[in-house]
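K.L.:
Return atomic coordinates for the entry below.
(chains A and B)
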Amino acid sequence: MFPYLLRKLLLAIPAIWLLGTLVFLLSRLLPGSFAEERLLNQEGGFYSKGSQSSREEALRQYQERTGQNLPVFYFGLTSPNKNTDQAQHISLFPQLSWHGADNQYHRWLKGVFTGDLGTSYRTGLPVLDMIWKSIGNTFWLLLASMLVTLILAMELSILMARERLRWLRSLVLPILFFIDSIPMLVLSLLLLVLLANPDFLQLFPVYGMGYYVPGQLSFWQELGQRLQYMALPHLALVLVNLPYITNQVYSSLQAALQAAYTRTARAKGLPERLVIRRHALRNALLPLITIVSDFLPALVSGSILVETIFAIPGIGRLLVESVLARDYPVLVAIVLVVLVVRMVAYTLADIAYALADPRLKPKLA
Amino acid sequence: MRYAWQSIKLLWRRKIGFRLALLYLALLHLLTLVLPLLPLPYPPEYLDLEHPYLAPFTPAAIASGHLLGTDGLGRDLLANTLYGARTAFLISLPVMLLATGIGIVLGTAAGYFGNNGLRRPLHRLFFFLLAVPVVAYYGLYIPWQVYQQGAAPAYFWWSLIILSGLLLGLWLLLGWLGKRLAVWSSRVTIPVDKGVMRLTEALNSIPRFVLILVLASFLPPSLPLLSLLLVFTLWPGTARLARAEMLRIKELPYFEAAISIGNTPSRLLWRHALPNLIGPTLVAFTFGLGGVLALESSLSFLNIGVPSSLVSWGRTIAGIRNNTSAWWLVAFPGGLLSFTVLALYTCSYYFMQIFSSKSSV
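P.N.:
Numbering: from 1, shown residues only, chains lettered A, B, ... in the order given. Now for the predicted structure:
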């Protein structure tokens, strides 16, 4: 078990490094940066009162301070000193030039290994702090909605699997199919319009994570306030994910009900409830581990929209805000975080599989 | 091909749900095609600042001609919803077609050749390896620089001339080497399967929506670039499917027979494998189309990657952020979007029923 995990980890690190490097280089190589957009903009903006030359001076100072005037990579096609008037010059033959270790990529990579992911262009805060602050909200949102979805899916499939409740199946499956075809965006906005709107039903508060209260709230008070505000986002995520998960659980339960051990359990004269719960369900839950870990990407993209719509300060909202502001250090860091989280999730899934299914243990060793 | 067509005709006759869904899709498509010719009371971009946030079907709305109401800037909701459908199809159909095409080509190649099915002489391989940076520099980098700096077009022509000269020279040189030295003409296996699978894994390791958002922030907002980006992130799904189907087909007796009578690889793929691939890809295509529709409206809702002058469902829906009581901004475009996705999923469901039951026999 342990060597297997170690091998996976060793294989994952170069992949993460490669992808992170690619995203970093793409973010720096393509034209147009945050600072250029803000500082050189003629109309409006904070610096609009200054002349063109003072704006350019401000940009140069800013780039020097943040290290953006350095060459991007160890070597490049153009010469590093851009100050001379070379902009109009195009050489038909590639001029490779060596920039040495003092470049943006080297600094970034060194920072990653020492736990410093740079500072945000937009807010000037360390990126790691920003991510750390928002990752908790996303984590609880995803975890709680996933748990509710799983429990609901399991109970629904158990009910649908029973012979006497056949009518339920012909009712639930089409409804789930219908819900599945409503995109996340429309579904959460519909919930917002229907359940948090004075014109229809004002059941839930609309935006945010709660209001500021002076002094410390007790645990239960805070939980109560959180629950009010998080109810709609959770509901949206559960509704969006429920159809797919229920389908998977149901089909795997069906397969387990056809198996020989189920027939034996039936032959022993166990009541159907016990046959399903104790014998079929336990085996049907095995594939669920893979389904849940495979489901992570969909969950992440769902949380991006939900967090934006319900104004929850989480990773998804941070991502959208950074994309809109072209805040590249934050974007690259989020990509790295997502890659690491995915790797951790896969490793956990492997461990869970080995613990749940003793037949797998010798294969993994 | 004829077989797939016959199964679809059978579905059309037997299943009323399939007929409804297909009719709806066809009608919507026709509507979006003839939309510029229709006499709508207002064009989608017309700002009727006298009537912002008109509720639909109220006397004021009917009197002013905005049957479905207006948004915060007085843009007509009916026109915006219909033109939004046009934009959505205009983006999602070519994107999905292109992604499916790339996916089929790469996936079948991976499945058919496997890891040691494709053998090429070493000198040919070297040529392609050397041609990639040459094309990247003279074919992409220099034209881009010329375009960006507005330099004389002579540079562009010169780079094209150098490019073709270099390619020709490399081809001749390596071909000559291949004839002279035995090492250069030895055949090397190319692990097509491994390459394609690694590529799809790398693309799948970041959630698609995150990848699209991050890459879209690097590019200027424009429709063609966004479409290319979507294609780039969507092809791995089809490629995996096509590869799995190809592996299955390769084991079937009829394919073995086709190999044994000496068909060429291209004829094998085109005549014998592709017709059997069409069913499963059709399932994935209709299903993916629904996903792209939702993706496009989410992106334009977030105003990422698309110019804000683009008429789309997402932009109309985004109006709800300024005024939560304007329910019609979500209900009409969102309803049309949901019904379209529902119709696509229904088609996909029925396709899956026929194609999976036949292919398992």
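K.L.:
May I have the phi/psi pair for B:Asp76?
P.N.:
Backbone geometry at B:Asp76, expressed as degrees, to the nearest 10, gives phi -70, psi 130.
K.L.:
What sits closest to it if chain neighbours are left out?
P.N.:
If the residues on either side of it in the chain are set aside, B:Asp76 comes closest to B:Tyr42, at 3.9 Å by Cβ to Cβ, 6 or more residues apart in numbering or on different chains. Every C-beta, even on glycine, is put in place using the N, C-alpha and C of the backbone.
K.L.:
Looking at that neighbour now. What's its pLDDT?
P.N.:
At B:Tyr42, the pLDDT value in this model is 85.
K.L.:
From chain B, how far off is the residue nearest the centre of chain A?
P.N.:
Compute the mean C-alpha point of chain A, and by Cα atoms, centre = their mean the closest residue is A:Val300, 3.4 Å away. Distance from A:Val300 to chain B, counting by Cβ to the nearest Cβ, to the nearest Å: 5 Å.
K.L.:
Who are the contact partners of that residue?
P.N.:
Counting by Cβ atoms under 8 Å, 6 or more residues apart in numbering or on different chains, A:Val300 touches A:142, A:316, A:338, B:207, B:209-210.
K.L.:
okay, those in a markdown table with neighbour count, pLDDT and secondary structure next?
P.N.:
A markdown table is the format used below for the contacts of A:Val300 (neighbours: other Cβ atoms under 10 Å in any protein chain shown; pLDDT from 0 to 100; DSSP: H, G, I helix; E, B strand; the rest coil):
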| residue | neighbour count | pLDDT | secondary structure |
| --- | --- | --- | --- |
| A:Leu142 | 21 | 88 | helix |
| A:Gly316 | 28 | 90 | helix |
| A:Val338 | 22 | 87 | helix |
| B:Pro207 | 21 | 86 | coil |
| B:Phe209 | 23 | 89 | helix |
| B:Val210 | 22 | 90 | helix |
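K.L.:
quick check, nearest of these to B:Ser222?
P.N.:
Using Cβ to Cβ, B:Phe209 is the member of the contacts of A:Val300 that lies nearest B:Ser222, at 19.5 Å.
K.L.:
how distant is stretch B:330-343 from the center of its chain?
P.N.:
21 Å (Cα atoms, centre = their mean, to the nearest Å).
K.L.:
Torsion angles phi and psi at B:Gly65?
P.N.:
With angles defined as degrees, to the nearest 10, B:Gly65 sits at phi 90, psi 0.
K.L.:
Check the burial of it by counting its neighbours.
P.N.:
14 (other Cβ atoms under 10 Å in any protein chain shown).
K.L.:
Surely it and B:Tyr42 touch.
P.N.:
Yes. Using Cβ atoms under 8 Å, B:Gly65 is in contact with B:Tyr42, at 6.8 Å.
K.L.:
shared neighbours of these two, anything?
P.N.:
Contact with both B:Gly65 and B:Tyr42 is made by residues B:Asp76, according to Cβ under 8 Å, 6+ apart.
K.L.:
secondary structure element for the residue nearest to B:Ala152 when sequence neighbours are not counted?
P.N.:
Among residues not flanking B:Ala152 along the chain, B:Val146 sits closest, at 8.0 Å (Cβ to Cβ, 6+ apart). Element membership for B:Val146 (DSSP states H and E) is helix B:142-149.
K.L.:
which helices and strands does that helix pack with?
P.N.:
helix B:153-180 (3 or more Cβ pairs under 8 Å, 6 or more residues apart in numbering or on different chains; DSSP states H and E).
K.L.:
Packing partners of the helix it packs on?
P.N.:
Judged by 3+ Cβ pairs under 8 Å, 6+ apart, the packing partners of helix B:153-180 are helix B:122-134, helix B:142-149.
K.L.:
Turn the ones you listed into a markdown table, columns for mean neighbour count, distance to B:Lys194 and mean pLDDT.
P.N.:
Output for these, formatted as a markdown table (neighbours: other Cβ atoms under 10 Å in any protein chain shown; distance: least, Cβ to Cβ, whole Å; pLDDT from 0 to 100):
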| stretch | mean neighbour count | distance to B:Lys194 | mean pLDDT |
| --- | --- | --- | --- |
| helix B:122-134 | 15 | 15 | 85 |
| helix B:142-149 | 15 | 32 | 78 |
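K.L.:
residues in contact with the nearest residue to A:Ser252 once chain neighbours are set aside?
P.N.:
Nearest residue to A:Ser252, sequence neighbours excluded (Cβ to Cβ, 6+ apart): A:Ala284, at 4.4 Å. Residues counted as contacts of A:Ala284 (Cβ under 8 Å, 6+ apart) are A:157, A:249, A:252-253, A:255-256.
K.L.:
Can you tell me which of those is nearest chain B?
P.N.:
The nearest member of those to chain B, counting by Cβ to the nearest Cβ, is A:Ala255 at 15.0 Å.
K.L.:
other SSEs contacting whichever helix or strand the closest one is part of?
P.N.:
Per DSSP H and E, A:Ala255 falls inside helix A:219-257. Secondary-structure packing of helix A:219-257 (3+ Cβ pairs under 8 Å, 6+ apart): helix A:127-161, helix A:166-180, helix A:184-195, helix A:281-284, helix A:286-294, helix A:296-309.
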